[in-house]
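Q: following is a predicted model, sequence given first.
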Amino acid sequence: MREVFHQSLEDVQSRLVEIAELVTVAMQKATEAFGTGDVALAEEVIDEDSIIDEKAVALDELAIEILARQQPVARDLRIVVTTLRVSASLERMGDIAEHIAQLTRMRFPERAIPKGLKGTFRRMGELDVEVARTLTELLRTQNLELTETIRNSDDQIDELHISVFEKVLSDSWSGEAGATVDATLASRYHERFADHAVNVAKKVVYLATGDWNPDTDTIAIITEQSGSAGAAQDTATTSEESSQAGL
């Protein structure tokens with residue numbers, strides 16, 4: 001029973017990584033469609049969001065089943081509860097990518113990006129995709145040093161978000177009402193996407209340390225321990241494969 005339980009926990013982690021990978025692809029497609037006006041690509045994001053939703057629901061059901069059948073305690077309980085919260089954030093990140101795609105579709109055949117803000121939104125999109133990729137790696141490896149990368153990218157996105165509002169509120173802004181709405185909505189979507197990633201990163205840190213605000217020394221120690229454990233596992237796996245191969 002204990003072995004089955006740990007296999008279920010491993011399944012939980014792999015499913016989180018899978019959903020994060022889908023969210024990354026969705027954001028990558030959404031930002032590309034938004035920048036180029038590619039409505040066909042935008043439609044892909046909109047259609048594929050249901051896949052993210054379905055996988056998030058299935059993961060939640062698995063987590064609830066683990067709670068009911070195994071009654072986990074201590075760190076195991078934190079894993080399951082954190083999974084439910086992370087799943088919700090990832091699902092919301094997928095929705096945000098869909099919203100950006102919907103802006104593209106709504107303005108077709110015109111581009112949704114207002115004049116004068118193309119470079120800003122291109123950079124916001126790049127940063128959001130980078131955040132999603134880093135978050136996926138964080139969920140896969142629990143390398144807590146990656147949380148700093150996510151926070152730094154989020155800070156850059158926040159600055160770009162502020163610059164968009166300064167632009168549309170300035171006397172030099174000549175965009176029509178529709179362009180103003182598109183700019184503010186798109187900027188908000190990009191900013192919220194990164195915010196959800198930061199929230200997920202915080203939950204991963206809590207899962208690893210049991211502390212919502214651990215100091216840098218604690219993070220460094222846990223990261224080093226995780227790296228050592230991973231190296232030991234790789235060595236053991238290699239040795240076993242060599243034995244099986246008769247080497």
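A: Looks like it came in fine.
Q: just for the protein, where's the confidence low?
A: 1-2, 4, 212, 214-223, 225-247 (pLDDT under 70).
Q: geometrically speaking, which residue is the centre of it?
A: By C-alpha atoms, centre = their mean, the chain has its centre lying nearest to A132, at 4.1 Å.
Q: element containing the spatially closest residue to that one that is not a sequence neighbour?
A: Closest residue to A132 apart from its sequence neighbours, by C-beta to C-beta, 6 or more residues apart in numbering: T24 at 3.9 Å. Backbone N, C-alpha and C define where each C-beta goes, glycine included. Using DSSP states H and E, T24 maps to helix 2-36.
Q: likewise S174?
A: Counting by DSSP H and E, S174 is part of no helix or strand.
Q: quick one: residues contacting it.
A: Residues counted as contacts of S174 (C-beta atoms under 8 Å, 6 or more residues apart in numbering): none.
Q: ditto for K115
A: Applying C-beta under 8 Å, 6+ apart, the residues contacting K115 are G175, A179.
Q: from V168, how far off is it?
A: Remark: distance between K115 and V168 (C-beta to C-beta, to the nearest Å) = 12 Å.
Q: what touches both of the two?
A: Shared contacts of K115 and V168 (C-beta under 8 Å, 6+ apart): G175.
Q: circling back to that earlier point, would you mark the buried spots in the helix holding T24?
A: Residues of helix 2-36 classed as buried by neighbour count (16 or more other C-beta atoms under 10 Å): 8-9, 12, 15-20, 22-35.
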